[in-house]
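# The sequence and its predicted three-dimensional model are supplied below.
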Amino acid sequence: MSYELVIRRQAKADLRRSARWYERQLFGLGRDFVAEVDAVVDRIVENPLQYQIIYRDIRRAQTHRFPYGLFYRIDGDTVILFAIVHLHRNQSIWKDRA
């Protein structure tokens, strides 16, 4: 089955904000962060059921190099990505968006 991806505005803002922060720490690190998030998004779209449900119908995929979780839900043949959150900070922000 092929899934369509919808990335909510707030998740895009999460990605931009985090990438800018990493880029300020070290040149190129923001680009690396975006590349890793893109790779996780590709895996989600390929097989969104591979990730565990963590709350109601919400699933979380994690990046490997960076401590971030991508929070999404499956609605029919659509994957809705609504938050990209640092997992060592206040991660309950995704519940407000779900």
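On my side now, so go ahead. Numbers count the residues shown, from 1 in each chain.
# List the buried residues of whichever strand or helix holds residue 13.
Under the criterion of DSSP states H and E, residue 13 resides in helix 9-25. Residues of helix 9-25 classed as buried by neighbour count (16 or more other CB atoms under 10 Å): 10-11, 14-15, 18-19, 22-23. C-beta here means a position set from N, CA and C on the backbone, and glycine is covered the same way.
# Serialize these to JSON lines and add fields for pLDDT and distance to residue 71.
Compiled in JSON lines, those are given as follows (pLDDT from 0 to 100; distance: CB to CB, whole Å):
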{"residue": "10", "pLDDT": "96", "distance to residue 71": "10"}
{"residue": "11", "pLDDT": "97", "distance to residue 71": "8"}
{"residue": "14", "pLDDT": "97", "distance to residue 71": "10"}
{"residue": "15", "pLDDT": "98", "distance to residue 71": "13"}
{"residue": "18", "pLDDT": "98", "distance to residue 71": "14"}
{"residue": "19", "pLDDT": "98", "distance to residue 71": "17"}
{"residue": "22", "pLDDT": "98", "distance to residue 71": "19"}
{"residue": "23", "pLDDT": "98", "distance to residue 71": "23"}
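# Look up the closest residue to the residue positioned nearest the centre of the chain, ignoring the ones flanking it.
Central residue of the chain (CA atoms, centre = their mean): residue 70, 2.4 Å from the mean position. Leaving out its chain neighbours, the residue that sits closest to residue 70 by CB to CB, 6 or more residues apart in numbering is residue 61, at 4.7 Å.
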